[in-house]
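In: Give the three-dimensional model of this entry:
(chains A, B, C, D, E and F)
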Protein chains: 4
Amino acid sequence: MASPADNAARNPAEAARAARTELRSRQLLDAAARLMESDGFHGVSMQALAAEASVSVGLAYRYFGGKDDLLLAVIVDVLDAFAARVPPAIEGTDDPVQRIAAAFRAYCEVIDEHRHAAVLTYRESRTLGPEGREKIKKLEVDTSEPLRTALRAGVSSGHLTDVDVDLVAHDLLLIAHGWALKHWYFEQHLSFDDYVGRQTALVLRAVLSPEHREQYRELTGGV
Amino acid sequence: MASPADNAARNPAEAARAARTELRSRQLLDAAARLMESDGFHGVSMQALAAEASVSVGLAYRYFGGKDDLLLAVIVDVLDAFAARVPPAIEGTDDPVQRIAAAFRAYCEVIDEHRHAAVLTYRESRTLGPEGREKIKKLEVDTSEPLRTALRAGVSSGHLTDVDVDLVAHDLLLIAHGWALKHWYFEQHLSFDDYVGRQTALVLRAVLSPEHREQYRELTGGV
Amino acid sequence: MASPADNAARNPAEAARAARTELRSRQLLDAAARLMESDGFHGVSMQALAAEASVSVGLAYRYFGGKDDLLLAVIVDVLDAFAARVPPAIEGTDDPVQRIAAAFRAYCEVIDEHRHAAVLTYRESRTLGPEGREKIKKLEVDTSEPLRTALRAGVSSGHLTDVDVDLVAHDLLLIAHGWALKHWYFEQHLSFDDYVGRQTALVLRAVLSPEHREQYRELTGGV
Amino acid sequence: MASPADNAARNPAEAARAARTELRSRQLLDAAARLMESDGFHGVSMQALAAEASVSVGLAYRYFGGKDDLLLAVIVDVLDAFAARVPPAIEGTDDPVQRIAAAFRAYCEVIDEHRHAAVLTYRESRTLGPEGREKIKKLEVDTSEPLRTALRAGVSSGHLTDVDVDLVAHDLLLIAHGWALKHWYFEQHLSFDDYVGRQTALVLRAVLSPEHREQYRELTGGV
DNA sequence: AATGAATGAGCCTTCATTCAT
DNA sequence: GATGAATGAAGGCTCATTCAT
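Out: I've put the predicted structure just below:
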């Protein structure tokens, strides 16, 4: 059976349609993230959302099935971005500590780019039904796996002290989301690079084993 | 003008009325926190809320003026608890590091006791109007002041390295809220005391200056 | 525990409230029957219905729970009228044939008085969910029981030939509803009394045993 | 102007097209009757209907102009079936009584074959606009004409007593529809032939003049 | 002070209908 | 002729808020 992409290659009409479909989805997803971030899930009506995305209400339903599903799609969109961006970011090196720092930076970058949507994970997850919540929990765990793997490697290699890997991973993710959650506060004091750099330094000082501290001076802020 | 308390002292009927008023406010506040935590602000109707609090709808309006105000009151109630509990908790010692640890523990305890309401700060703050949001921001800053003061003292005294006090304070508060935000995750792995202990250890290792590390072995987990 | 009626006897306020409640229900039921008869269940909006009944939409929901339930209530209201009116109507005599005629007339009278609602049983029963449909089926069977009992008595006593009681009962009820279903047609040709009289005559001629025909000349139209 | 049939005779392509057109109309009509019978006119969407008929939505509009028109077409389809089937059925005999019985049986057969659509006349006629309703009323009258003619002949010839022909015709039609309206009830007790036979017997006993009763023993159930 | 019946604006969703391809 | 993506008006229902008692 021919895939849509195959058809597209041969059939310009198919390609145009697929492109329009993709465009619409993106419009809707972005509009939803933007509006829900500022007014909350319940503060946004589907009509407002459709208007913001420049499509009709009916089409929003055709594409996403319902308001809940749209929220879920927005959240999954961010989690997918994590899955797409974090692994490549840590491939440049084998050094576990560099990997941790790179992963954390990648998480922060994705959050910065999806700042509107990122907060929804924390704010609106209760809005979803149990199945939606389960799906997200699972994706969150999957998503944080690269970080946990790097942390475990660091502990094994002796670069890190014997920390609670799950707890540290959770803290790193929480701190990464902190950039979006308290963005109204930080944007007046700190650039994105400062935020990432200082948080990286703090965390590494907390977990690096004494004998490796010197080695990562530039990451721990020269202390 | 005589305060209610003054009247109460002289008039038993006044005292009884004041007590009933207090009781009803508390019922409403607790019911609101309980219901809103599990169903979200928008998932709870005023009629459900009044029923949960065993009060009539009309009375809820008389006491709190409206649904938004009730949400605000619930959130302020937690922030008040911080203001009431944290300062006493750090008075027992002059050691800046002990003070930091004590303050963090106190924050965590308040959050644990108000777990339902604590998450509302993160989840529903967008629901409030701008004035409500401003009020909360201000209270949050006030509330974290003891922690910042202790951190500044620690930096001055040389116990801590020259960290970004605001950032560390923010991280500590975020981590304290993490207990409520991800409670569904932690409750299967970690006791409250473990959570507080391990997080304290991590943070202190990040900020203690090298020459004081030995001194706080029992707080940093013996590393 | 005091029943509402008991309270009403002692408490004028209770009585007034109960009366108003009853009035509202009646307004809603009548408005629903009237509107649904002319435009069909789906042709009437709850807002139109509430307006017709001079109450707010919200109140219609408080009283009946939903549009379906309101339809069900309208239908049950007619069936209740059958149950209330038919048994007394046949008590005046022990003659099975007179009882049948009296029962049929009573059915027709109730249908004439609830002409709007009576057609809904036939028209909108598919609209109801399975439970609603079951409930109605049961009530319909209960409702036609007096007629079937009289028919069985007639067969036993030899007044009637050995007819299929269920089928004749069904026909009588169908014909009674016919007055409402085709009212637009009959009202130009036939008075209500003519309709009832002629249909009674037809049916009795069909079921009376030969030896009793003479006896009921005035019912069978003197043939 | 050449009729489609004429074209078809000369042009195979035309013939094929006409056949396909006919097939599609039939698919749509049947799908509509099937779906509307179980879910009601308003319970079926045009998209569901098109899907059931394996046709695109747009095509359904091209063929029938709109949802109301489709309903009208379904109903007219049944009424056409009456017009097509009843006259031939009564041609076999000149006996007015046999003709009445044959006509009634033919009505019942058509209803049995179009059970889905037959109920729509009763259930959804209010859905149609006034013009649609008028058209149907007229067709109904036309449709019952053979029956009325036979009844009049029976009265004239003395086979029947001097009954109200319109009323008896109405009753017969109502009873014929009863097979579809209460099919859920009868199908458990009675076969189609039993239904027709017993109803015929009942009606004939009601209208046959005394001196002809013996003659139609086999139709009146041997009484 | 306390109640809860009553209101009605607003929201999610469906679906008849159109029209570009 | 044929398709199905797109539209948007309309409807069922909820719930914050009010007010007569």
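In: For the residue lying closest to residue A:52 once chain neighbours are set aside, what is the enclosing helix or strand?
Out: Residue nearest to residue A:52 in three dimensions, not counting chain neighbours: residue A:31, with 4.0 Å by C-beta to C-beta, 6 or more residues apart in numbering or on different chains. Heads up, the C-betas are built off the backbone N, CA and C, glycines and all. Assigned by DSSP states H and E, residue A:31 falls within helix A:12-39.
In: what helices or strands is that helix leaning on?
Out: In terms of contact count using 3 or more C-beta pairs under 8 Å, 6 or more residues apart in numbering or on different chains; DSSP states H and E, helix A:12-39 is assigned the packing partners helix A:4-10, helix A:46-52, helix A:57-64, helix A:67-90, helix A:115-123.
In: ok so, going back, if I read this right, the residue nearest to residue A:52 contacts residue A:44, doesn't it?
Out: No. Residue A:31 is beyond contact range of residue A:44, at 9.1 Å (criterion: C-beta atoms under 8 Å).
In: tell me which parts of chain A are close to DNA strand F?
Out: A:17, A:20-21, A:24, A:55-59, A:61-62 (C-beta under 7 Å from any atom of the strand).
In: Most proximal residue of chain A with respect to chain C?
Out: Closest contact between chain A and chain C, by C-beta to the nearest C-beta, is at residue A:47 (18.7 Å).
In: Leaving out sequence neighbours, find the closest residue to that residue.
Out: residue A:57 is the one closest to residue A:47 (C-beta to C-beta, 6+ apart), at 5.7 Å.
In: so how many other residues sit close to the one you found?
Out: Around residue A:57 there are 14 other residues, counting by other C-beta atoms under 10 Å in any protein chain shown.
In: can you check residue A:19 too?
Out: Per other C-beta under 10 Å, the neighbour tally for residue A:19 reads 11.
In: do the same with residue A:159
Out: 22.
In: list the contacts for it?
Out: The contact partners of residue A:159, by C-beta atoms under 8 Å, 6 or more residues apart in numbering or on different chains, come to A:95-97, A:208-209, A:212.
In: try 10 Å
Out: By C-beta atoms under 10 Å, 6 or more residues apart in numbering or on different chains, the residues touching residue A:159 are A:95-98, A:100, A:151, A:153, A:204, A:207-209, A:211-212, A:215-216.
In: Ranking by neighbours, what's the top pick from these?
Out: residue A:100 (29 neighbours).
In: Tell me the secondary structure at that residue.
Out: Of the three states, residue A:100 takes helix under DSSP: H, G, I helix; E, B strand; the rest coil.
In: quick one on the thing from earlier: of the helices and strands packed on helix A:12-39, give the one that comes closest to residue D:158.
Out: Closest of these to residue D:158 is helix A:57-64, at 67.4 Å (criterion: C-beta to C-beta).
In: Give the residue spans of chain A that score low on pLDDT.
Out: A:1-13, A:222-223 (pLDDT under 70).
In: Return the set of buried residues in the helix or strand where residue A:193 lies.
Out: Element membership for residue A:193, per DSSP H and E: helix A:192-207. Neighbour counts over helix A:192-207 (16 or more other C-beta atoms under 10 Å in any protein chain shown) mark A:192, A:195-207 as buried.
In: And for stretch A:136-149?
Out: For stretch A:136-149, the neighbour count (16+ other C-beta under 10 Å) marks A:136, A:139-140, A:143-144, A:146-149 as buried.
In: coming back round to it: between the buried residues of helix A:192-207, which is nearest DNA strand E?
Out: Of all the buried residues of helix A:192-207, DNA strand E sits closest to residue A:192, with 32.6 Å by C-beta to the nearest atom of the strand.
In: wait, doesn't the closest one sit right on residue A:180?
Out: No. Counting by C-beta atoms under 10 Å, residue A:192 stays clear of residue A:180, with 11.1 Å between them.
In: intersection of neighbour lists for the two?
Out: A:108, A:111-112, A:186.
In: Out of those, flag the one nearest to residue D:168.
Out: residue A:111 (82.1 Å).
In: Which strands and helices lie in contact with the one helix or strand that closest one maps to?
Out: Assigning secondary structure by DSSP H and E places residue A:111 in helix A:96-113. Applying 3 or more C-beta pairs under 10 Å, 6 or more residues apart in numbering or on different chains; DSSP states H and E, we find helix A:96-113 packed against helix A:67-90, helix A:115-123, helix A:130-157, helix A:165-181, helix A:192-207, helix A:217-220.
In: make it 8 Å
Out: The elements that helix A:96-113 packs onto, with contact taken as 3+ C-beta pairs under 8 Å, 6+ apart, are helix A:67-90, helix A:130-157, helix A:165-181, helix A:192-207.
In: I'd like to know which of these lies nearest to residue D:130.
Out: Per C-beta to C-beta, nearest to residue D:130 of the helices and strands packed on helix A:96-113: helix A:67-90, 39.9 Å.
In: what residues does that closest one touch?
Out: By C-beta under 8 Å, 6+ apart, helix A:67-90 touches A:28-29, A:32-33, A:36, A:41, A:46, A:49, A:60, A:64, A:99, A:102-103, A:105-107, A:109-111, A:113-114, A:117-118, A:120-121, A:124-125, A:127-129, A:132, A:135-136, A:139-140, A:142-143, A:146-147, A:150.
In: same deal with stretch A:125-139?
Out: Residues outside stretch A:125-139 that contact it (C-beta under 8 Å, 6+ apart) are A:41-42, A:68, A:71-72, A:75-76, A:79, A:83, A:121, B:38-40, B:43, B:123.
In: coming back round to it: could you dump the helices and strands packed on helix A:96-113 to CSV with distance to residue B:173?
Out: Converted to CSV, the helices and strands packed on helix A:96-113 look like this (distance: least, C-beta to C-beta, whole Å):
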stretch, distance to residue B:173
helix A:67-90, 24
helix A:130-157, 22
helix A:165-181, 10
helix A:192-207, 14
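In: Does residue A:60 touch residue A:53 like I think?
Out: Yes. Counting by C-beta under 8 Å, residue A:60 does reach residue A:53; the two are 7.1 Å apart.
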